[in-house]
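In: no sequence for this one, just the structure:
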């Protein structure tokens with residue numbers, strides 16, 4: 001358990017109060033009193049009920065929600081600005097799931113690089129530091145002129161696999177080429193082989209064809225990805241693996257967004273277990289769903305940052 005930390009103000013928006021409470025308990029400090037609500041015309045209003053003058057402020061707000069993601073982003077920007085105008089010494093945004101992270105490059109004509117826009121908005125609002133987890137594309141850190149600590153769920157995932165799944169007759173699988181590096185890193189630490197699924201898309205959120213590279217015959221396949229949104233990729237990948245002789249398929253994702261048709265797809269899928277972290281609130285009900293708590297990692301990052309200690313320890317270790 002992390003020791004109590006003084007001279008920190010911990011603020012939480014409305015996106016994930018359960019995670020904020022867990023981080024608060026882990027650090028041994030109470031969440032600061034703050035009112036975040038909407039007027040009848042949907043304008044967001046923020047009132048900080050205690051002084052933050054010359055304080056080290058950490059604002060916990062994740063990117064999630066089918067209809068509320070933009071509201072939560074606006075909440076975060078207004079909270080940062082409110083702290084800035086209230087003379088906070090340093091403002092750190094703790095954003096476990098970075099919003100718009102998939103729009104990180106100009107992959108077609110006239111496409112916006114929206115992740116860069118979000119970076120600019122956070123800096124303009126007055127943010128001094130950002131803590132996030134498993135960025136969809138690590139180059140997003142380069143969009144900022146302020147420090148960005150991109151934490152990894154990998155140590156927590158490794159622990160979960162060892163304690164709950166085991167490595168006997170198992171193989172790790174990446175559902176696309178983009179996640180191959182992530183899966184190869186975990187496979188190396190577990191001393192397992194890994195397979196790759198090549199997917200072809202006709203349009204966003206819709207996979208048209210999948211080709212398996214690797215041997216999964218009679219093996220327990222652990223399908224690893226950074227996020228699951230509509231779950232079309234996960235479900236098709238599971239079907240591809242089982243059609244190629246896999247014994248069972250377990251999926252592990254960092255950000256379980258599960259929007260749109262995801263609940264129905266997962267309910268009808270051939271996945272034996274669906275595992276996600278609590279970087280975003282999970283509202284779907286599924287008997288096969290399990291969660292990994294990453295609040296100890298986020299809390300320890302806050303404590304280390306506040307005390308001027310190295311955060312690189314958290315890249316390879318998950319706090320107990």
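Out: Cool, got the structure. Model, not experiment: these values are computed from the prediction.
In: which residues in this structure form strands?
Out: Using DSSP state E, the strands found in the chain span residues 8-12, 34-38, 44-48, 56-60, 90-95, 129-133, 148-151, 170-174, 194-203, 206-213, 220-228, 248-256, 273-277, 289-292.
In: ok, residues contacting the fourth one?
Out: Yep, that's strand 56-60 we're talking about. Applying CB atoms under 8 Å, 6 or more residues apart in numbering, the set of residues contacting strand 56-60 from outside is 7-13, 16, 19-20, 23, 76, 79-80, 83, 88-94, 298, 302, 306. All C-beta spots, glycine's among them, are computed from the backbone N, C-alpha and C.
In: what residues sit buried inside that strand?
Out: Of the residues in strand 56-60, those buried under the neighbour-count criterion (16 or more other CB atoms under 10 Å) are 56-60.
In: check those residues and tell me the two furthest apart.
Out: Comparing every pair within the buried residues of strand 56-60 by CB to CB identifies 56 and 60 as the most remote, at 13.9 Å.
In: any chance of the strands of the chain in a markdown table, with mean pLDDT too?
Out: Listed next are the strands of the chain as a markdown table, based on pLDDT from 0 to 100:
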| stretch | mean pLDDT |
| --- | --- |
| strand 8-12 | 96 |
| strand 34-38 | 90 |
| strand 44-48 | 93 |
| strand 56-60 | 97 |
| strand 90-95 | 98 |
| strand 129-133 | 98 |
| strand 148-151 | 97 |
| strand 170-174 | 95 |
| strand 194-203 | 79 |
| strand 206-213 | 76 |
| strand 220-228 | 95 |
| strand 248-256 | 96 |
| strand 273-277 | 97 |
| strand 289-292 | 96 |
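In: now distance to residue 160 too, for these, in CSV please.
Out: Listed next are the strands of the chain as CSV, based on distance: least, CB to CB, whole Å:
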stretch, distance to residue 160
strand 8-12, 26
strand 34-38, 33
strand 44-48, 36
strand 56-60, 23
strand 90-95, 22
strand 129-133, 15
strand 148-151, 16
strand 170-174, 13
strand 194-203, 17
strand 206-213, 24
strand 220-228, 10
strand 248-256, 7
strand 273-277, 7
strand 289-292, 5
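In: out of those, which comes closest to residue 163?
Out: Nearest to residue 163 among the strands of the chain is strand 289-292; the distance by CB to CB comes to 10.5 Å.
In: check which helices and strands that closest one sits against.
Out: When contacts are defined as 3 or more CB pairs under 8 Å, 6 or more residues apart in numbering; DSSP states H and E, strand 289-292 packs onto helix 154-160, strand 273-277.
In: winner for burial among these?
Out: Across those, averaging neighbours per residue (mean count of other CB atoms under 10 Å) puts strand 273-277 on top, at a mean of 23.
In: list of residues touching that strand?
Out: Residues external to strand 273-277 that are found in contact with it (CB under 8 Å, 6+ apart): 133, 153, 156, 160, 228, 234, 250-256, 266, 282, 286, 288-294.
In: list of residues touching the lengthiest helix in the chain?
Out: When the chain is parsed with DSSP state H, its longest helix is helix 69-85. Taking CB under 8 Å, 6+ apart as the criterion, the residues outside helix 69-85 that touch it are 11, 13-15, 34, 36, 38, 42, 44-46, 48, 52, 57, 59, 61-65, 91, 93, 95, 99, 118, 121-122, 125-127.
In: tell me the pLDDT of residue 19.
Out: Listed pLDDT for residue 19 reads 97.
In: then residue 67?
Out: At residue 67 the predicted local distance difference test score is 79.
In: repeat for the one 3 residues further on
Out: pLDDT for residue 70: 94.
In: ok, it to residue 64 distance?
Out: Applying CB to CB, to the nearest Å, the value for residue 70 to residue 64 is 11 Å.
In: the two - which one has more neighbours?
Out: For residue 70 and residue 64, the more surrounded residue by other CB atoms under 10 Å is residue 64, and the numbers stand at 23 against 12.
In: ok so, going back, selection in ChimeraX covering whichever of the contacts of helix 69-85 are buried, please.
Out: Once 16+ other CB under 10 Å is used to decide burial, the buried members of the contacts of helix 69-85 can be selected in ChimeraX as follows:
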select :11,13,14,15,34,36,44,46,48,52,57,59,61,62,63,64,65,91,93,95,99,118,122,125,126,127
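In: which of the contacts of strand 56-60 are buried?
Out: The neighbour-count test (16+ other CB under 10 Å) marks 8-13, 16, 19-20, 23, 76, 79-80, 83, 88, 91-94, 298, 302, 306 as buried among the contacts of strand 56-60.
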